[in-house]
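Visitor: Need coordinates for the following:
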Amino acid sequence: MGIPGEPAELVRDRTPRRLDRPRPRRPGATRPAEPAGADVTGRRPRLDAATAAIRNALRSFLDTAVARLPASDSTAEPAAGDPVRLIIAVSGGADSLALADAAAFLTTRPAGLTAAGRAVEITAATVDHGLQPASADVCAQVRDHLTDRGLPTAVLTHPVTAGPEGLEAAARTTRYLALDDHRRQLGAAAVLTAHTRDDQAETVLLGMARGSGARSLAGMRAVSTVAGCPVWRPLLDITRQQTTASAAARHLPVWHDPMNDDPAYARVRARQQALPALEAALGPGIADALARTAGQLAADTDALDHWAADASATHTSGTETHASLAALPAAIRTRVLRAWLHTGTGRAQEVTAAHISAVDDLATGRRLGKVSVPAAAEVVRTRRGQGPAGLRFQPADRRENDAPPAADRR
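Guide: All right, here's what the predicted structure looks like:
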C-alpha cells in the first residue's frame, strides 16, 4: 500500500532489510584467520580496556622518545629518512608478551608505525640463560608466536653462572650485554623492556630498605642506559594487573618463570610479602604511591644533576678540585665529587658511597690528609702556599684499596 505524496521508488526503499545476513562468499573463498579472541560469528570483538591502554601507552611513549633522537641515532648511522629500529626484550611472561603484542599490532597495520614523523621498525629478542630445564623450549615458543604475529624474533643464547653479586644480578648484566650486542648488530636505537608501575614500586621499596639516596629512590627511568645498553620503558604507567588482563584477553602463550616465586630473591619478597603487608597495614594504593614518589624524586634529581654538572666546570679542573668546592650545598658537592672520582679513577662501578663520603669529609674538613680510592690511587688534600686547600689525585704509596676507605688525617 502506497504512502500519499511519495514516489513509488521511495516506498520500495522502506522495505525492512536483514542487515545481519552474511553475504555469500565466492566459490572457493576462505574466511581470513580471526584474531585472538575473535567472536565466532566473525564480528570483530570489542577491544578490552587493558590492551587499549597498553597500545596507547606504547604509541604515546614512542612519539616522545623518537622525537628526542638525533636524525641518526643507531650504530649503523642510517641515512636521513631511514626507519628507527627498536628491539623489544621478551621473557615469555605476561608483561613482555603484552608489550610485544601491542607492538605487533601497531607495526603490522597497512600504514605501518610512525612516531614523531619517522618510520619505526620493531623486532623482538629473547635471551636464554639456560637457568630453567625448559628454557630453550620457552624461547622457541616465544619466537614462533611473535614471528607468526608479524614480529621477527631472535633467540640469544647466553649461559650465566652466579658471580660475587649473585645469580640474579649476574643474569641481569649478561642479559643486557647480550641485548646490546644484538642491538648494535641490527643498528637499533634502543631496547624496550616491559617494566610496569608495580616493578617501579618494588624498586623504590628495595632502595628504601638499603638506605639508598635520591638517585636510587627515583627508581627506573623511562629512558636510561643499563650495562651500556640504551633502554626504553614504555609501560611504567601501566600496572601488572593490566598486562595480565591483556595477555588473557589476547590468549597470549604466557610462561611463568618459577624464579619469580622464589623467596630467596629480595624482589620476590618485596612483591609477595612486603608490599601486601604495607597495604594491609596502611590501606590500598601503596604501589601507586611509591611509583609517584619515584617520579617526583626523578624530577628533583635531574635538576640537582644539572646544577652539579655546571658546578663541576667551575670547581674542578682535571685531577684537582678547588677550595671553593667546600662551600657548595652538600647535595651538589657530593655529585661533583662523584663525577670527579668516576673520571679520575676510570672505575665508576667501583666508586662507592663510602668513597664519596670519605672524600667529602676531606674536602670540607680543616686538616690535611688523604683517602684511598679505586685504581690504586689516593685523593690528597693539599695547600698551595698560604691559599685554601683543595684536593688532587696521586698514585697510592701503598696498596690499601681493598680496605674500607677512610681519611688518613695528619
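Visitor: and the residue positioned nearest the centre of the chain, what is it in contact with?
Guide: In the chain, the residue lying closest to the centroid (Cα atoms, centre = their mean) is residue 233, at 3.8 Å. Going by Cβ atoms under 8 Å, 6 or more residues apart in numbering, residue 233 touches 192-195, 220-224. All C-beta atoms are positioned from the backbone trio N, CA, C, and that covers glycine.
Visitor: of those, closest to residue 238?
Guide: residue 194 (8.6 Å; Cβ to Cβ).
Visitor: sorry, back to before: any idea of the pLDDT on the residue nearest to the centre of the chain?
Guide: We have a pLDDT of 98 for residue 233.
Visitor: ok so, going back, with secondary structure, pLDDT and neighbour count added, can I get the contacts of residue 233 in a markdown table?
Guide: Formatted as a markdown table, these follow (DSSP: H, G, I helix; E, B strand; the rest coil; pLDDT from 0 to 100; neighbours: other Cβ atoms under 10 Å):
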| residue | secondary structure | pLDDT | neighbour count |
| --- | --- | --- | --- |
| 192 | strand | 99 | 27 |
| 193 | coil | 98 | 27 |
| 194 | coil | 98 | 27 |
| 195 | coil | 98 | 22 |
| 220 | coil | 96 | 18 |
| 221 | coil | 96 | 15 |
| 222 | coil | 96 | 17 |
| 223 | strand | 96 | 14 |
| 224 | strand | 95 | 12 |
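Visitor: Using JSON lines, please lay out these together with distance to residue 154.
Guide: Output for these, formatted as JSON lines (distance: Cβ to Cβ, whole Å):
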{"residue": "192", "distance to residue 154": "14"}
{"residue": "193", "distance to residue 154": "16"}
{"residue": "194", "distance to residue 154": "17"}
{"residue": "195", "distance to residue 154": "21"}
{"residue": "220", "distance to residue 154": "24"}
{"residue": "221", "distance to residue 154": "26"}
{"residue": "222", "distance to residue 154": "24"}
{"residue": "223", "distance to residue 154": "23"}
{"residue": "224", "distance to residue 154": "23"}
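Visitor: quick one: which of these is nearest to residue 331?
Guide: residue 221 (18.9 Å).
Visitor: Which parts of the stretch 101-250 of the chain are helices?
Guide: 135-148, 167-186, 197-210, 214-217, 240-249 (DSSP state H, counting those that start in this stretch).
Visitor: Would you mind telling me which of those is nearest residue 382?
Guide: Distance to residue 382, taken as Cβ to Cβ, is lowest for helix 214-217 among the helices of the stretch 101-250 of the chain, at 30.2 Å.
Visitor: hmm, back to that, among the helices of the stretch 101-250 of the chain, which comes closest to residue 70?
Guide: Taking these one by one with Cβ to Cβ, helix 167-186 is closest: 16.4 Å.
Visitor: how far does stretch 105-120 stretch from start to finish?
Guide: Start-to-end span of stretch 105-120 (Cα to Cα, to the nearest Å) is 13 Å.
Visitor: Could you save the helices of the stretch 101-250 of the chain as TSV and add columns showing distance to residue 355 and mean pLDDT?
Guide: Shown next, in TSV, are the helices of the stretch 101-250 of the chain (distance: least, Cβ to Cβ, whole Å; pLDDT from 0 to 100):
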stretch	distance to residue 355	mean pLDDT
helix 135-148	39	94
helix 167-186	20	92
helix 197-210	17	95
helix 214-217	15	88
helix 240-249	37	98
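Visitor: closest to residue 324 out of the ones you listed?
Guide: Nearest of the helices of the stretch 101-250 of the chain to residue 324, taken as Cβ to Cβ: helix 214-217 at 24.0 Å.
Visitor: is it true that residue 163 touches residue 170?
Guide: Yes: the pair residue 163 and residue 170 qualifies as a contact (Cβ atoms under 8 Å) at a distance of 4.5 Å.
Visitor: Spell out, range by range, the strands that occur in the stretch 51-200 of the chain.
Guide: 84-89, 113-115, 118-128, 153-157, 190-192 (DSSP state E, counting those that start in this stretch).
Visitor: Could you export the ones you listed as a markdown table, including distance to residue 53?
Guide: Below are these laid out as a markdown table (distance: least, Cβ to Cβ, whole Å):
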| stretch | distance to residue 53 |
| --- | --- |
| strand 84-89 | 17 |
| strand 113-115 | 18 |
| strand 118-128 | 19 |
| strand 153-157 | 24 |
| strand 190-192 | 17 |
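Visitor: Tell me which of these lies nearest to residue 277.
Guide: Of all these, strand 84-89 sits nearest to residue 277, with 30.8 Å by Cβ to Cβ.
Visitor: ok, residues contacting that closest one?
Guide: With contact meaning Cβ under 8 Å, 6+ apart, strand 84-89 is reached by 66, 69, 73-74, 96, 99-100, 103, 115, 118-127, 151, 175, 179, 182-183, 186-194, 232.
Visitor: returning to that earlier point: now the helices of the stretch 101-250 of the chain in a markdown table, with mean neighbour count and distance to residue 257?
Guide: Shown next, in a markdown table, are the helices of the stretch 101-250 of the chain (neighbours: other Cβ atoms under 10 Å; distance: least, Cβ to Cβ, whole Å):
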| stretch | mean neighbour count | distance to residue 257 |
| --- | --- | --- |
| helix 135-148 | 18 | 9 |
| helix 167-186 | 18 | 11 |
| helix 197-210 | 20 | 14 |
| helix 214-217 | 16 | 25 |
| helix 240-249 | 20 | 14 |
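Visitor: Show me the domain layout of the chain.
Guide: With domains defined by automatic domain parsing, the chain comprises 49-292, 318-409.
Visitor: rewinding a little: mind checking which of the contacts of strand 84-89 are buried?
Guide: 66, 69, 73-74, 96, 99-100, 103, 115, 118, 120-127, 151, 175, 179, 182-183, 186, 188-194, 232 (16 or more other Cβ atoms under 10 Å).
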